[in-house]
Each structure stands twice: as structure tokens, then as C-alpha cells.
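Enquirer: Provided below are the primary sequence and the corresponding predicted coordinates.
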Amino acid sequence: MLIYGAGGHSKVVIDCLYSQNIEIDGVFDDNPNHISFGNFNFLGEYQSHILTEKKIILTIGNNQIRKELAQKITHQIGKSVHFQSCISPFATTESGLMIFPFAVVQAYAHIGKHVILNTHSIVEHDCKVENFVHIAPNTTLGGGVEIGEGTLIGMSATILPKVKIGKWCVIGAGAVVNKNVPDFCVAYGVPAKIKKNVII
């Protein structure tokens, strides 16, 4: 497997790959300061002709940057699933998924491309999580929740059943969301209130 991104997030992804005995074939990163990243083969800036037979994972925590990089990648996209996570056989997941230890995806949930499901996150039955979403640690999505593209759900937030959150939103840490949130909004608090718009 190839890794694109040598920041802190990639360290956890690599740990997940190791848990499945998946070898790291090389690490791309556009930041030359990351050249000393671990003991892995640092490949420098992304180049489409290198190890073309290998799959790649975008290990970038920032949703917007992850989307931008995905548009220029020509390698086939892989997945990183920690062996201590739990994905229902009736759930569906797309390429680029990064799922960390003790995360749970329940039956008939759908997880889009390049989604991060962080440690101890729970995605209940019939949820729909669009592309480039980041679900932070200890977050719970109740049954039938919908999360739009590029949205960040902060640590320990709870999204109550059947709530819909728009695209490119930010939900604050510890928030309890009991009402729909429109696109491009920041919401936090208990219960969560919309505070401002996100500028993309």
C-alpha cells in the first residue's frame, strides 16, 4: 500500500494497515519537511508513474485538502480498516475509507469515499455518510442520520436519529445535534445551535 501524507494522521493509518499485515510500500508527501518520516520509503511529491500497481490511501486529516488531492490521484484507491473495528456485512463502504480501532458501522449504513471514521466512533443503522467526511473520536451517529460531503463531526458529538447535516459543515466537540443543519454551517452546544457559516 502507498500512503499520501506524512503528518500525524498518517501514523494512525499506518498502524491500522499494520494491524491487517498490509505492507507500506512508500510514502508520498508534498512537504519536504516530512522527509524523515519513520523508517518508510519516502517518495517525495506524488508522481503517478511510481509503483502504479499499488493502491494508495490519502492520509490527510483536512477534508478539503483530501478532496483536492483525490482529484489528481491516478493510482487505484485502497482502504485502511483496523482489525479491532466492526463493519456490518450489510453496510456498504467505498474506496479511501480509513476506520480506526473500535469504530462501528452498523447494518445498512453507507460510507462514501475517503471518509475517516476515528477511534470509538459509531455509525448506526441506515446512516448515510457522504464523501470526504471526518467523524472524530467517540462520536455517535444515531440511526438514519445523513452527513453531507466534507463535513467534520467533532469529538464526542452526538447526532440524534434521522437528523440531516449538510455538506461542508463543522459540528463542534461535545455537541448534541437534534435538528437538521444546512450546508456550510458551524454548529455547537447542547443542544447544538448554528453559530456561523463556513467559508470554503
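Expert: The structure has been received and is ready for your questions.
Enquirer: quick one: contacts for S19?
Expert: 82-84, 101 (Cβ atoms under 8 Å, 6 or more residues apart in numbering). Any C-beta I mention is one placed from the backbone N, CA and C, and that applies to glycine too.
Enquirer: again, 7 Å this time
Expert: 82-83 (Cβ atoms under 7 Å, 6 or more residues apart in numbering).
Enquirer: got any ranges where this protein has weak pLDDT?
Expert: For the chain, the stretches with pLDDT under 70 are 32, 34-38, 198-200.
Enquirer: for it, which helix is longest?
Expert: If each helix of the chain is counted by residues according to DSSP state H, the longest one is helix 8-19.
Enquirer: what are the buried residues along that helix?
Expert: Neighbour-count burial for helix 8-19, counted by 16 or more other Cβ atoms under 10 Å, picks out 9-10, 12-14, 16-17, 19.
Enquirer: just stretch 165-175 next, same as before
Expert: For stretch 165-175, burial by neighbour count (16+ other Cβ under 10 Å) applies to 165-172, 174-175.
Enquirer: any idea how far stretch 109-129 is from the chain center?
Expert: Its chain's C-alpha centre and that of stretch 109-129 lie 8 Å apart, by Cα atoms, centre = their mean, to the nearest Å.
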